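**Student:** When you get a sec, could you give me coordinates for this:
(one chain, ligands or ions: 1)
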Amino acid sequence: MCPILIIGQGLAGTALAWRLHERGVPFVIVDRDEVVTCSKVAAGLITPVTGMRLKVSWRFEVFYPEALRFYRRLGKQLGTRFFFPRGYVRLLKNEQDRQKWPKRLRESEVGPFVHPQAPQLDPAVVTSPHEGFQQRHAAWLDTVTYLEVSRRFFGEAFQIAHIEPGEVQDDAEGVTWNGQRFSHVVWAQGWQAAKHPLLAWVPFQNALGTILIAKADLQGERRILNRGCWLIPRADGTLRAGSTYEWTFPDPPAPSAAMAADLETKLRAFLAVPVEVLDSQSAVRPIIKSRQALLGAHPSHPRVVFFNGLGSKGSLRAPWLAKHLVEHLLGGTPLDPEFDLQANDP
Ligand SMILES: Cc1cc2nc3c(=O)[nH]c(=O)nc-3n(C[C@H](O)[C@H](O)[C@H](O)COP(=O)(O)OP(=O)(O)OC[C@H]3O[C@@H](n4cnc5c(N)ncnc54)[C@H](O)[C@@H]3O)c2cc1C
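**Tutor:** Now for the predicted structure:
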């Protein structure tokens, strides 16, 4: 069987490689091995009730069970834990929201994701002037460990290289790269795909995101906390806090000092304990305007496939989307029009 060439070992490419492995389909996955990438910087949060308007994340009921099964099974198979279901405390931002919350809880779809017990926070650790609620079914993915152990498992199927679009020749039966023949190439290269000549018509709207790495004595608090910004306590006593969106940024991307300073201000206002900022990291999220993700073959190059636009939900959505793409490539299952690259062809 002719292998599939995957370009990019971020959350998209890695999930796709696993889905091919599950089906016994050979693949080669190539990544240029940058120190900072979107998937390595990501906090890996999986959050059911999100945003300023406290809505249930789009198709959460579809994506979450698949993500849960996928990461748990791989964690067991690889003997490494990288997926952590966690309590998530969302604090309300002002008195107006606190007044509105009971009505929203009664009348909206958020109910199944809200724990009946109030959060019970230690005021010596966290300031919570307007109360809040605890979410069920939240989790975080340690993306660095997941990518690392996956790469090790892939063994010789993983290669380090930077591939330019012109190096991959396609025809009706397959593609050729580096003298080797593949049935398809799947470009899973994150935000860089905005520069791919075959995707010039796709409305990318990438955003630079920044997170803070800090230290604070949270007195044993292990839940994810959110008020103005979120924070994830780590087992080593550090925490990650984030995140931000900047729609214009330099290329190559540089750490954003302004956003790091903004996060630091929010974190210090949120926590009642002293905060020591250790570092900050910035990377670019691949976002496509009005789309939750885009998958599938290019309209006029049937062997050239894309898997992109995971936005700020890569941890949650990559397992389901990768499965969907593989079912399409191997079994001809039609792609959901919500994600079908060709449905976006002008
Ligand atoms: C600050 C921040 C916080 C975030 N927080 C969360 C969160 O809490 N939860 C969540 O689910 N998501 C979060 N995200 C978003 C998440 O990280 C993305 O959805 C996801 O990482 C996108 O994965 P990807 O594989 O599409 O892209 P990438 O991670 O960018 O992976 C692409 C890979 O392809 C490689 N590559 C690119 N071009 C080439 C080439 N020509 N040849 C070879 N290799 C190439 C790159 O080096 C990279 O390794 C966050 C993102 C940021 C920036």
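**Student:** Looking at the stretch 51-200 of the chain, which residue is nearest the ligand?
**Tutor:** Among all residues of the stretch 51-200 of the chain, residue 190 sits closest to the ligand, at 2.3 Å; criterion: C-beta to the nearest ligand atom. Every C-beta, even on glycine, is put in place using the N, C-alpha and C of the backbone.
**Student:** what does the stretch 151-300 of the chain put close to the ligand?
**Tutor:** If contact is defined as C-beta under 6 Å from any ligand atom, the residues of the stretch 151-300 of the chain in contact with the ligand are 162-163, 188-192, 209-211, 242-243, 283, 285-286.
**Student:** Okay, and which of these map to strands?
**Tutor:** Taking DSSP state E, the ones among those that sit in strands are 209-211, 242, 283, 285.
**Student:** got TSV for the residues you listed, with pLDDT too?
**Tutor:** Formatted as TSV, the entries for these read as follows, by pLDDT from 0 to 100:
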residue	pLDDT
209	97
210	97
211	97
242	95
283	97
285	98
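**Student:** Mind picking the one among the residues you listed that's closest to the ligand?
**Tutor:** With C-beta to the nearest ligand atom as the yardstick, the closest approach to the ligand among those comes from residue 209, at 3.0 Å.
**Student:** Tell me how many other residues crowd that closest one.
**Tutor:** Residue 209 is flanked by 24 other residues according to other C-beta atoms under 10 Å.
**Student:** what sits against it?
**Tutor:** 38, 41, 242-246, 282-285, 312 (C-beta atoms under 8 Å, 6 or more residues apart in numbering).
**Student:** Name the member of those residues with the most neighbours.
**Tutor:** Neighbours here are counted as other C-beta under 10 Å. On that basis the top member of the contacts of residue 209 is residue 38, with 26 neighbours.
**Student:** Show me the shaky parts of the chain.
**Tutor:** 346 (pLDDT under 70).
**Student:** ok, of the contacts of residue 209, which one's closest to residue 61?
**Tutor:** The closest of these to residue 61 turns out to be residue 312 (C-beta to C-beta; 18.7 Å).
**Student:** Can you tell me the SS state at residue 99?
**Tutor:** The local conformation at residue 99, judged by DSSP: H, G, I helix; E, B strand; the rest coil, is helix.
**Student:** I meant residue 103, not that one.
**Tutor:** Residue 103, by the three-state scheme (three-state DSSP), is helix.
**Student:** Can you name the residues that contact it?
**Tutor:** Contacts of residue 103 were listed using C-beta under 8 Å, 6+ apart, and none were found.
**Student:** follow-up on the earlier one: quick one: the contacts of residue 209 as JSON lines, columns for distance to residue 302 too.
**Tutor:** Written out in JSON lines, the entries for the contacts of residue 209 read as follows (distance: C-beta to C-beta, whole Å):
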{"residue": "38", "distance to residue 302": "28"}
{"residue": "41", "distance to residue 302": "34"}
{"residue": "242", "distance to residue 302": "39"}
{"residue": "243", "distance to residue 302": "37"}
{"residue": "244", "distance to residue 302": "39"}
{"residue": "245", "distance to residue 302": "35"}
{"residue": "246", "distance to residue 302": "36"}
{"residue": "282", "distance to residue 302": "37"}
{"residue": "283", "distance to residue 302": "32"}
{"residue": "284", "distance to residue 302": "29"}
{"residue": "285", "distance to residue 302": "29"}
{"residue": "312", "distance to residue 302": "31"}
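**Student:** circling back to that earlier point, what about the residue of the stretch 51-200 of the chain closest to the ligand, how many residues close to it?
**Tutor:** Residues within reach of residue 190, counting by other C-beta under 10 Å, total 26.
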